[in-house]
Every structure is written in structure tokens, then in C-alpha cells.
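Chemist: this one's structure only:
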């Protein structure tokens with residue numbers, strides 16, 4: 001099959017779930033093109049980007065200046081050099097009467113540039129609902145053809161709704177051919193917003209468990225308890241509450257090391273909290289790491305925390321891949337009663353679930369783990385088994401190909417059967 005992947009920025013380390021799907025499709029013999037914006041920082045990239053030569057498959061959308069005058073000047077230059085290639089396409093992208101504000105903003109003109117030679121695909125897969133909305137217009141303009149599948153993954157079905165209203169996806173629900181979510185929590189939200197329940201299924205983000213070696217966790221001779229969390233330093237990751245929990249725990253158990261892997265807008269704020277709580281010796285902001293570097297840190301870790309919260313802007317998490325990776329490696333975990341995380345962590349079996357924004361609860365569970373290292377191996381084993389059975393990347397990529405095939409060949413009337421019979425419930429969490 002010929003497949004177009006529509007993404008935000010590519011490649012970025014925080015979206016390995018998209019990379020895993022792309023490489024899985026290529027490994028299965030399918031032709032994949034990627035359309036995205038170029039990231040600001042490509043100093044660290046996943047090894048698979050080079051292994052599969054994905055940059056040669058990537059078509060970049062020109063950056064859109066924030067200043068409208070500069071945006072207009074750049075648009076005129078783009079028109080001057082490209083108008084002869086596809087005049088009708090470029091004129092349609094400027095249809096202010098039909099596309100309103102987004103046409104006035106010149107967004108669709110910029111989006112059209114990589115598609116000036118209209119292309120036909122079996123499947124157009126928009127990664128995140130916001131790009132699904134763009135893809136509807138791109139099909140309408142005539143710059144791309146194919147069945148449109150949209151994945152809802154997190155901010156697009158939480159924060160974006162709060163910002164733009166509950167009817168924002170009405171055009172996408174009407175024109176899209178099929179929809180995926182990465183957890184049942186977001187599937188139910190999409191249905192509530194107006195998505196046809198017969199056109200949407202849960203398709204989890206898989207991981208390659210062979211890349212995350214399992215190891216039973218035991219207390220080491222030096223007695224140090226190594227704890228970690230991985231994620232962007234943004235509000236919804238709730239990392240502040242993990243730091244505050246550590247500050248409580250170190251009063252009784254000072255031999256702790258807490259590594260926070262990631263970077264983001266809250267870095268300075270979190271560093272200030274670390275200083276104020278006087279835990280700089282125990283808590284380290286490790287910065288961005290690529291996957292081999294993360295695996296190296298997690299391999300030496302005993303306990304993993306995923307303290308996600310609902311941000312003030314409404315942003316929420318699905319069952320995050322970094323949490324799956326830690327569980328696959330045998331770490332007992334502490335997660336929150338948030339978004340799709342309870343679909344991944346089974347309370348009291350593979351770890352513990354605590355309320356959002358509750359540093360005391362995180363502290364209590366950390367203290368329990370420290371006092372009962374004998375439960376680490378049992379909980380870690382339960383987590384590995386669950387991730388292997390529910391988030392097996394190869395099986396999920398096989399499932400994705402089957403979804404593509406049925407959507408590409410079936411008419412809409414048959415999608416009821418697709419939604420009811422395609423997804424193996426064992427892997428649909």
C-alpha cells in the first residue's frame with residue numbers, strides 16, 4: 001500500500017510511537033511518505049531514523065512566520081516560484097470564503113507547497129486530530145487523495161477541545177473515513193464529541209519489548225534506591241509532585257537518587273523547586289536522552305514514577321510509552337488516576353495508582369516500596385507480562401496494516417463490522 005503520514009514535527013524523540021508505526025509499515029513492504037514541519041533541534045534523533053533513511057521519505061512544510069507581514073512576504077515568494085506548478089491548487093488554498101480564518105492566515109498555502117504535484121495514496125494517516133482537520137481541507141483542495149484515518153492521542157482530544165470548543169472536530173467526524181485512539185478513555189471522549197462509534201477503535205501505541213530487556217529489581221549492596229521518570233517538562237507530566245514527594249521521603253530515607261529524563265518549558269521552574277526543597281543532591285534533571293541512553297539509565301533504576309495530571313488548559317495523557325518501557329524492563333511503577341494510565345497500570349499488581357497532584361500519596365507509595373523491596377520483582381514481572389500481551393509492537397503493527405487494508409477497500413457501510421471484529425480485545429487497551 002501507499003501511505004501518507006501527516007505529523008506535526010518529524011523526527012522528535014518524544015514521539016517514538018509515530019516512528020514505530022512508520023518503521024513497522026516500511027518493514028512490511030509498504031511505501032510511506034511523511035509530511036511534517038522540521039524540528040528546531042535535530043541534535044538527538046532515534047537510531048531508526050538513520051537505519052530506515054526516513055529523512056529521504058520526509059517532505060517538509062515551509063515554516064510559517066509568526067509576524068503576519070513576514071508571513072505575507074514569504075507567501076508571495078512561494079507563489080512566485082511555485083504558481084506555475086499547480087495554479088488551481090494554490091488558488092483553492094486561498095479560498096477565504098470557504099476556509100475562512102485559516103485561509104486568511106495563509107496556513108493552507110504553506111501546507112500546499114509539499115503537495116504541488118498532487119499525490120494519491122491508499123491511506124492518509126493523520127497523527128493527531130488537529131492534523132486530521134488539515135487533511136480534510138487538503139483533500140478538498142485536491143492536493144492529496146486517499147482514505148483518511150485520524151489518530152487521537154492526547155492533547156488533541158483534551159486541551160485542544162477546551163481551547164476551541166466541543167464542535168471543533170465536526171468537519172473531521174463528517175469527512176474522515178476512520179478513527180483510532182490510543183486508549184478507551186479517549187475513544188469514549190471522541191464518541192461523546194460526535195464521532196460515530198462504529199468508525200472508531202482503540203489501537204494502542206506499541207513498543208518493541210526486545211529493545212527493553214527485563215531484569216528483576218533488587219536492592220544493591222550500596223543500599224541506594226534509584227528512582228526515575230521520563231517525559232517532557234510540561235505541566236501535564238506532573239513532575240513537580242514527584243519532586244515534592246521525594247523531598248518528603250528523603251527525610252527518612254536519604255539514600256535516594258531521582259533522575260528526571262527530559263526537557264521542556266518548566267525546566268527552570270523545576271530546578272527552582274529542587275533548590276527550595278534542598279534536594280539537589282538527590283534529584284537530577286538529566287535533560288533529553290535518546291532511547292539507548294534512556295535504557296541505560298532505566299536499567300540501573302529500581303522504581304519508576306509517572307505522575308501525570310490534568311493541566312490547567314485541559315491537556316491529558318494516554319498510557320504513555322515511557323511508562324510501558326519501564327514496565328517492560330521490570331520496574332514497579334507509581335502512576336496516577338489520570339487519562340488512560342489506569343488502562344496500563346493495574347493497582348496493587350504492577351504498581352500503584354494515586355490521585356493527581358497528591359505528593360503525599362506518591363510519598364506514601366514510595367516509602368512502601370523502599371520498605372518492601374521484596375515486592376519489586378513480583379510487580380515488575382506482572383508489568384512486563386501485561387505490556388508484552390497488550391502493547392506488542394509487532395502485533396499492533398500487523399493490526400494497523402489490517403485496519404488500513406479494510407478501510408482502503410471497504411465502503412463506509414462496512415466499517416461497523418470493522419470496528420466490531422477487527423481489533424483483538426487483548427491488544428485494544
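Modeler: Noted; the coordinates are in hand. All values derive from a computational prediction rather than experimental measurement.

Chemist: low pLDDT regions in the stretch 301-429 of the chain?
Modeler: 411-429 (pLDDT under 70).

Chemist: pretty sure residue 344 contacts residue 324?
Modeler: Yes - contact criterion CB atoms under 8 Å: residue 344 and residue 324 qualify, at 6.6 Å. In this view, the C-beta of every residue, glycine as well, is placed from N, C-alpha and C.

Chemist: if I look at the two, which residues touch both of them?
Modeler: Common contact partners of residue 344 and residue 324 (CB atoms under 8 Å, 6 or more residues apart in numbering): residue 387.

Chemist: residue 190 - that's part of a strand, no?
Modeler: No - using DSSP: H, G, I helix; E, B strand; the rest coil, the assignment for residue 190 is helix, not a strand.

Chemist: what residues are up against it?
Modeler: Residue 190 touches 152, 157, 169, 179, 181, 200, counting by CB under 8 Å, 6+ apart.

Chemist: recalculate using a threshold of 6 Å.
Modeler: 152, 200 (CB atoms under 6 Å, 6 or more residues apart in numbering).

Chemist: and it, how close does it get to residue 41?
Modeler: 32 Å (CB to CB, to the nearest Å).

Chemist: again, but for residue 258
Modeler: Taken as CB to CB, the span from residue 258 to residue 41 is 25 Å.

Chemist: now residue 96, nearest residue through space, not along the chain?
Modeler: Excluding its sequence neighbours, the residue lying closest to residue 96 (CB to CB, 6 or more residues apart in numbering) is residue 103, at 4.6 Å.

Chemist: so that neighbour, which state does it fall into?
Modeler: Looking at residue 103 with three-state DSSP, the answer is helix.

Chemist: burial count for it?
Modeler: 18 (other CB atoms under 10 Å).

Chemist: quick check, pLDDT for it.
Modeler: At residue 103, the model reports a pLDDT of 82.

Chemist: that one and residue 141: what is the separation?
Modeler: Residue 103 is 10 Å from residue 141, by CB to CB.

Chemist: repeat for residue 60
Modeler: Counting by CB to CB, the gap from residue 60 to residue 141 is 19 Å.

Chemist: neighbour count winner among the two?
Modeler: Between residue 60 and residue 141, residue 141 has the larger neighbour count (other CB under 10 Å), namely 24 against 16.

Chemist: which residue is the nearest non-sequential neighbour of that one?
Modeler: Per CB to CB, 6+ apart, closest to residue 141 is residue 92, 4.4 Å.

Chemist: for the protein, what's the longest helix?
Modeler: The residue-count maximum for a helix in the chain (DSSP state H) belongs to helix 393-409.

Chemist: how far off centre is that helix?
Modeler: 19 Å (CA atoms, centre = their mean, to the nearest Å).

Chemist: cool, stretch 270-285 as well?
Modeler: 28 Å.

Chemist: how long is that stretch end to end?
Modeler: 9 Å (CA to CA, to the nearest Å).

Chemist: now stretch 155-172
Modeler: Note: stretch 155-172 ends 16 Å apart using CA to CA.

Chemist: give me the number of residues near residue 54?
Modeler: Counted with other CB under 10 Å, residue 54 comes out at 21.

Chemist: quick one: the strands in the stretch 201-350 of the chain, in order.
Modeler: With DSSP state E, counting those that start in this stretch as the criterion, the stretch 201-350 of the chain has strands at 225-230, 256-261, 283-287, 303-306, 333-336.

Chemist: which one of those strands lies nearest to residue 316?
Modeler: strand 333-336 (10.6 Å; CB to CB).

Chemist: centre of the chain to that closest one, how far?
Modeler: Per CA atoms, centre = their mean, the centroid offset for strand 333-336 relative to its chain is 18 Å.

Chemist: what's the next secondary structure element after that strand?
Modeler: strand 351-354 (DSSP states H and E).

Chemist: which SSE is immediately downstream of that next one?
Modeler: helix 359-371.

Chemist: so what touches the longest helix of the chain?
Modeler: 1, 20, 24, 28, 122-123, 147, 177-178, 206-208, 418, 427.

Chemist: got the domain ranges for the chain?
Modeler: 2-206+396-425, 209-390 (automatic domain parsing).

Chemist: quick one, helices of the stretch 51-200 of the chain?
Modeler: With DSSP state H, counting those that start in this stretch as the criterion, the stretch 51-200 of the chain has helices at 68-82, 87-93, 96-99, 101-104, 107-112, 129-141, 159-164, 170-175, 184-193.

Chemist: dump those into CSV; add distance to residue 118 as well.
Modeler: Putting the helices of the stretch 51-200 of the chain into CSV (distance: least, CB to CB, whole Å) gives the following:
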stretch, distance to residue 118
helix 68-82, 13
helix 87-93, 7
helix 96-99, 18
helix 101-104, 19
helix 107-112, 10
helix 129-141, 9
helix 159-164, 28
helix 170-175, 18
helix 184-193, 30
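
Chemist: who wins for proximity to residue 236 among these?
Modeler: helix 159-164 (8.2 Å).

Chemist: buried ones in that closest one, by neighbour count?
Modeler: Residues of helix 159-164 classed as buried: 159, 160, 161 (neighbour count, 16 or more other CB atoms under 10 Å).

Chemist: got the contact list for the closest residue to the first one other than its chain neighbours?
Modeler: This points to residue 159. Among residues not flanking residue 159 along the chain, residue 315 sits closest, at 3.7 Å (CB to CB, 6+ apart). Taking CB under 6 Å, 6+ apart, we find residue 315 in contact with 155, 158, 159, 236.

Chemist: export the buried residues of helix 159-164 to JSON lines and tack on distance to residue 109?
Modeler: JSON lines is the format used below for those (distance: CB to CB, whole Å):
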{"residue": "159", "distance to residue 109": "27"}
{"residue": "160", "distance to residue 109": "23"}
{"residue": "161", "distance to residue 109": "27"}
